[in-house]
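Trainee: Following is a predicted model, sequence given first.
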Amino acid sequence: MQVPKKHFPIVGLLGLVVVAAAGGGVYYYQFVLSHATVTYTPSNRLVFMTAIVQEEGGFHITNTVFLNQTNLPAFNATTGANMTGVKFQKYQGASDNKTIDAHPGDTITFYILGVNATGSDPNLHLSKGHGFDIFGSGSFTVKTSANSPGILGGTNPSNPPIPYGKWYSVTVTFNSAGSYTYQCSVVCSPGHSNMNGQIVVT
């Protein structure tokens, strides 16, 4: 005589254990697997980029690395970050060279090189430099120090904060998930489209 199958349905993500019983009968036991929350250790990412008027590319990320030490690299507005002796690990950024992916709690240090337009159209050369601003749906904190003086909002083209040929550094911690935009602040290149990119924190 065949022993009937006993089935215990449970709503949720189900696992299955098969137990062979005496007499050849098979009993199926289903059980709920607990949902595993993915957690991330906060990291400090270094993002290197150039900034040029939107018509010639806007912001363009040139390199992305994880900083594997506590202190930031030494920084100079003329030469940028000094990576000599710095412990870091490169990682592949987004293929569009504009989008940055991160997790809540991550810190991103931006190194931005102001670049002059190369085209012959004089309208491309109306501004003398670039600003840098971040806004979005979540919360973030800007570090203020000698190496990270803050976000450059409300720029004035006659007195630009990131002159062409100079580097600028700012460190931002993203406290919560959300979609953020980084962009050249209020007056970047008069009469031209604003340049921007995305930071997606999940």
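Mentor: Looks like it came in fine. Numbers count the residues shown, from 1 in each chain.
Trainee: mean confidence score for the helix or strand where I61 lies?
Mentor: Element membership of I61 [criterion: DSSP states H and E] is strand 59-67. Strand 59-67 carries an average pLDDT of 96.
Trainee: So in that sheet, which strands flank whatever helix or strand comes next after it, and in what orientation?
Mentor: Moving toward the C-terminus from strand 59-67, the next helix or strand (DSSP H and E) is strand 74-76. As defined by DSSP bridges, the strand partners of strand 74-76 come to strand 80-82 (antiparallel).
Trainee: Name the residues of the partner strand that come out as buried.
Mentor: Buried residues in strand 80-82, counted by 16 or more other CB atoms under 10 Å: G80, A81. Every C-beta, even on glycine, is put in place using the N, C-alpha and C of the backbone.
Trainee: again with stretch 49-61
Mentor: So, applying 16+ other CB under 10 Å, buried residues of stretch 49-61: M49, T50, A51, I52, V53, Q54, E56, G58, F59, H60, I61.
Trainee: is it true that the last one touches M49?
Mentor: What it means is I61. Yes. Taking contacts as CB atoms under 8 Å, I61 lies within contact range of M49: 4.7 Å.
Trainee: follow-up on the earlier one: can you lay out the buried residues of stretch 49-61 as a markdown table showing distance to I134?
Mentor: Supplementary listing: the buried residues of stretch 49-61 in a markdown table, determined by distance: CB to CB, whole Å:
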| residue | distance to I134 |
| --- | --- |
| M49 | 13 |
| T50 | 18 |
| A51 | 14 |
| I52 | 19 |
| V53 | 20 |
| Q54 | 17 |
| E56 | 22 |
| G58 | 15 |
| F59 | 12 |
| H60 | 17 |
| I61 | 15 |
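Trainee: ok, T99 - how many residues close by?
Mentor: By other CB atoms under 10 Å, the residues close to T99 number 13.
Trainee: so what's I100 up against?
Mentor: I100 sits next to R45, V47, I61, T64, G93, A94, I108, Y182, G197, Q198, I199, V200 when contact means CB atoms under 8 Å, 6 or more residues apart in numbering.
Trainee: Grab the nearest non-local neighbour of I108.
Mentor: R45 (4.8 Å; CB to CB, 6 or more residues apart in numbering).
Trainee: and the one you found, what helix or strand is that in?
Mentor: Counting by DSSP H and E, R45 is found in strand 44-51.
Trainee: Which elements pack onto that strand?
Mentor: When contacts are defined as 3 or more CB pairs under 8 Å, 6 or more residues apart in numbering; DSSP states H and E, strand 44-51 packs onto strand 59-67, strand 80-82, strand 100-102, strand 107-114.
Trainee: pLDDT-wise, which helix or strand of this protein ranks last?
Mentor: In the chain, the helix or strand scored least confidently by mean pLDDT, DSSP states H and E is strand 14-20, which has a mean of 46.
Trainee: ok, of the contacts of I100, which one's closest to T173?
Mentor: I108 (8.0 Å; CB to CB).
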